[in-house]
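Asker: Show me how the following folds:
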Amino acid sequence: MQVFHTKSKVIITCNKRLSKYLVQEVEALGYTIVRDFPTGVELNITLTECIKLNLNLRCASQILYALRSFKINSPEELYREVVDLPWEELIDFSGYFSVTSNVDNETITTPLFANLKVKDAIVDRIKEKKGIRPNSGSDANKAVVHLYWKDDEADIFIDTSGETLAKHGYRKIPGKAPMLEALAASVVMSTTWDHKSPFVNPMCGSGTLAIEAALLATNRRPGLFRMNYGFMHIIGYNEEEFFAERRILKDQVIKNIDLQIIATDISEDAVDVSRKNAKTAGVDTLITFEVCDFADTPVPEGGKGVVVFNPEYGERLGVHTVLESTYKRIGDFMKQNCKGYTGYIFTGNPDLAKKIGLKAARKVEFYNGKLDCRMLEYELYDGSKRPDEKRPVRPTSTGA
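Answerer: I've put the predicted structure just below:
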């Protein structure tokens, strides 16, 4: 089964509300999108072409290569369809595989049962053809098979990513309540930042927003931080394809760039974590870190850049009242210290956002986990209101 050279349906998944930015990335890489939907996009490409996508995409979660689509109404029918596939030509009988699934069918009360049926079918097929039983389990660091089953329609995929792409591999120390890297990249992409003017990130936490900004500006792709993917454990994999793509990643990094990225936090531990994560990402020399109250964050004059906050949302009891004062201070800081900039606040609490005291020019919808969030944009005028033609233009590409 020559999956590396055979075109098939490929689904690239992402977290809800990130598909707009995923579309921008995929199209910028030269791929034609068959369709897009709230949690991903569909392509028609080979498994080899999935290698480039895995190494380049910032906003994606998994890249799934379809082996077969079928209609089923029971676990027994699922087993029969899966056991019919030539798994001995895909998974090394001496290797290891895992099964994941997304199931919505009345005959399945738990996805684990569907996973077990798929696993049994694969094991039985390989044992019949090769006489040896392959190992299987829950680890996603080898070959991964994914089942999508809704009502009576099902697809069986090779998960070419394995471990999720939403984690970019540089954040060895997560810090307190970190923002997922794929979300942080999308948040930066949603701003008007031109990758040249100052990027100011008070309350930086573990530094993910500032680091993703530096990675975007220098065209450093997530594939630079990772050496293991699901596609590497499929029979027919040619490692030369992977290393050729990785050389391209290294060659396209923008060096000797003049950037002003400023990240501050009142917590010395948070700033220490941020510095270490930035060093792992190779952008520590491009970010100025400082321990201070957010109101003391240095803002370059005349920079016409962006200032981005990701403050606490006040989900815990008793915290809300304290944060009302903090949000008001954030608004005062932006009005007084960030004139000429575009301000952004990422929050999951609309009531606290009202305390900022500024009218949002734009609201961008995101989810942080399952929490409904907004990215609020504020035009912080320097003197009189800027005419439309002088307002910053929102980027439409990935910054490649």
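
Asker: list the contacts for the closest residue to Gly162 other than its chain neighbours?
Answerer: Computed as Cβ to Cβ, 6 or more residues apart in numbering, the closest residue to Gly162 that is not its neighbour in sequence is Gly230, at 3.4 Å. Using the backbone N, CA and C atoms, a C-beta is placed for each residue, glycine as well. Each residue near Gly230 by Cβ atoms under 8 Å, 6 or more residues apart in numbering is listed here: 140, 142-144, 158-162.

Asker: Which one of those is nearest to Thr285?
Answerer: Ser161 (30.2 Å; Cβ to Cβ).

Asker: so when I look at the closest one, I'm seeing a strand, right?
Answerer: No - membership of Ser161 in a strand is not supported by DSSP: H, G, I helix; E, B strand; the rest coil, which gives coil.

Asker: Now do the helices in the stretch 251-400 of the chain.
Answerer: Taking DSSP state H, counting those that start in this stretch to define them, one finds helices in the stretch 251-400 of the chain at 268-281, 319-337, 350-353.

Asker: Residue ranges in the stretch 101-250 of the chain under the pLDDT threshold?
Answerer: Filtered on pLDDT under 70, the stretch 101-250 of the chain yields the residue ranges 175, 177.

Asker: What are the boundaries of the strands in it?
Answerer: Along the stretch 101-250 of the chain, the stretches classed as strands by DSSP state E, counting those that start in this stretch are 135-137, 143-150, 153-159, 199-201.

Asker: mind putting those in CSV, mean neighbour count and distance to Ser267 included?
Answerer: Formatted as CSV, the strands of the stretch 101-250 of the chain follow (neighbours: other Cβ atoms under 10 Å; distance: least, Cβ to Cβ, whole Å):
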stretch, mean neighbour count, distance to Ser267
strand 135-137, 15, 38
strand 143-150, 22, 37
strand 153-159, 21, 37
strand 199-201, 28, 14
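
Asker: Centre-most residue in this protein?
Answerer: Centroid-nearest residue in the chain: Ala182, 2.0 Å away (criterion: Cα atoms, centre = their mean).

Asker: quick one: contacts for that residue?
Answerer: Ala182 touches 14-15, 18, 58-61, 165-168, counting by Cβ under 8 Å, 6+ apart.

Asker: Ile91: which of those is nearest?
Answerer: Nearest member of these to Ile91, counting by Cβ to Cβ, is Leu165, at 21.4 Å.

Asker: got a list of what the closest one touches?
Answerer: Leu165 neighbours (Cβ under 8 Å, 6+ apart): 54, 57, 60-63, 182, 222.

Asker: tell me the secondary structure for the nearest residue to it once chain neighbours are set aside?
Answerer: Among residues not flanking Leu165 along the chain, Ala60 sits closest, at 4.7 Å (Cβ to Cβ, 6+ apart). Secondary structure, three-state DSSP: Ala60 is coil.

Asker: and Ala60, how far is that from Asn349?
Answerer: 28 Å (Cβ to Cβ, to the nearest Å).

Asker: Those two: which is more packed in?
Answerer: Taking other Cβ atoms under 10 Å, Ala60 and Asn349 do not tie; Ala60 has more neighbours (27 against 20).

Asker: tell me the contacts of that one?
Answerer: By Cβ under 8 Å, 6+ apart, the neighbours of Ala60 are 12-14, 22, 25, 40, 53, 161, 165-166, 182.

Asker: do you know how far it is from Leu18?
Answerer: The gap separating Ala60 from Leu18 is 8 Å, by Cβ to Cβ.

Asker: cool, and Leu47?
Answerer: Leu47 is 24 Å from Leu18, by Cβ to Cβ.

Asker: Met232 now?
Answerer: Using Cβ to Cβ, Met232 is found at 25 Å from Leu18.

Asker: Neighbour count: those two, which is higher?
Answerer: For Met232 versus Leu18, neighbours defined as other Cβ under 10 Å are more numerous around Leu18 (29 against 17).

Asker: Tell me which residues touch the more buried one, please.
Answerer: Contacts of Leu18 (Cβ under 8 Å, 6+ apart): 59, 182-183, 186, 366.

Asker: is it possible to export those residues to CSV including distance to Gly95?
Answerer: Compiled in CSV, those are given as follows (distance: Cβ to Cβ, whole Å):
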residue, distance to Gly95
Cys59, 30
Ala182, 28
Leu183, 33
Ser186, 34
Phe366, 38
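
Asker: next one: phi and psi at Gly40?
Answerer: The phi/psi pair for Gly40 (degrees, to the nearest 10) reads phi 160, psi -170.

Asker: same thing with Trp193?
Answerer: Per degrees, to the nearest 10, the backbone of Trp193 is at phi -60, psi 130.

Asker: Sweet, I'm off.
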